[in-house]
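Engineer: okay, predicted coordinates and the sequence, questions at the end:
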Amino acid sequence: MIKNKNGIGAGIAGFVLGAAAVAAGLAAHHYYTEIERVRLNDASSKADESNGDSLKRDDEGNVIVAAGMTGLLSRIDVKEGDNTAAGETIMIIGNTIPVVSPVTGTIKTISIKEGTLVSEDETVAVIEEAGDEDSDEA
């Protein structure tokens, strides 16, 4: 009978410790997710303030959008040809980390599919930046 009580006690203790570990893991995930969200939003704001000086561009002058962290690309909110505004979320990494458009323009290419693991700084899209001038041809 004593053996069963110890076995039950050990089982309950293991369950409690397991639940505590899961709770700690979820809390850590939430903390680091918030840190990453703030970092990405701050980086986007700084890119906007610098008038594009820190933007990566391809050979044609289009803006390269890179993943801000490694993770599973869970959602793509735009498609090629869509217009986007600076700061608009165009993709989601994991469940909560936004990939934001650094400029206003047109999505030229999307180089990754939903459900794919992306690496930090991997190119996920290219945006043709909207020009400030109006070109009226007569």
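Structural biologist: Arrived safely.

Engineer: burial of Glu60, as a residue count?
Structural biologist: 8 (other Cβ atoms under 10 Å). Backbone N, C-alpha and C define where each C-beta goes, glycine included.

Engineer: and it, which helix or strand is it part of?
Structural biologist: Under DSSP states H and E, no helix or strand contains Glu60.

Engineer: identify the spatial nearest neighbour of Glu88, chain neighbours not counted.
Structural biologist: Ser101 (4.9 Å; Cβ to Cβ, 6 or more residues apart in numbering).

Engineer: quick check: that neighbour vs Ile12, distance?
Structural biologist: When distance is defined by Cβ to Cβ, to the nearest Å, Ser101 is 51 Å away from Ile12.

Engineer: if you count surrounding residues, which of these two has more?
Structural biologist: More crowded of Ser101 and Ile12, by other Cβ under 10 Å: Ser101, with 24 against 10.

Engineer: element containing the residue nearest to Leu117 when sequence neighbours are not counted?
Structural biologist: Across the structure, with Cβ to Cβ, 6+ apart as the measure, the residue nearest Leu117 apart from its sequence neighbours is Leu72 (5.6 Å). Element membership for Leu72, per DSSP H and E: strand 71-76.

Engineer: pLDDT averaged over that strand - what is it?
Structural biologist: Taken as a whole, strand 71-76 has a mean pLDDT of 94.

Engineer: and the strands in this protein?
Structural biologist: Counting by DSSP state E, one finds strands in the chain at the ranges 63-66, 71-76, 83-84, 89-93, 97-100, 105-110, 117-118, 123-129.

Engineer: Ala21: which of these is closest?
Structural biologist: Ranking those by proximity to Ala21 (Cβ to Cβ) places strand 71-76 first, at 21.9 Å.
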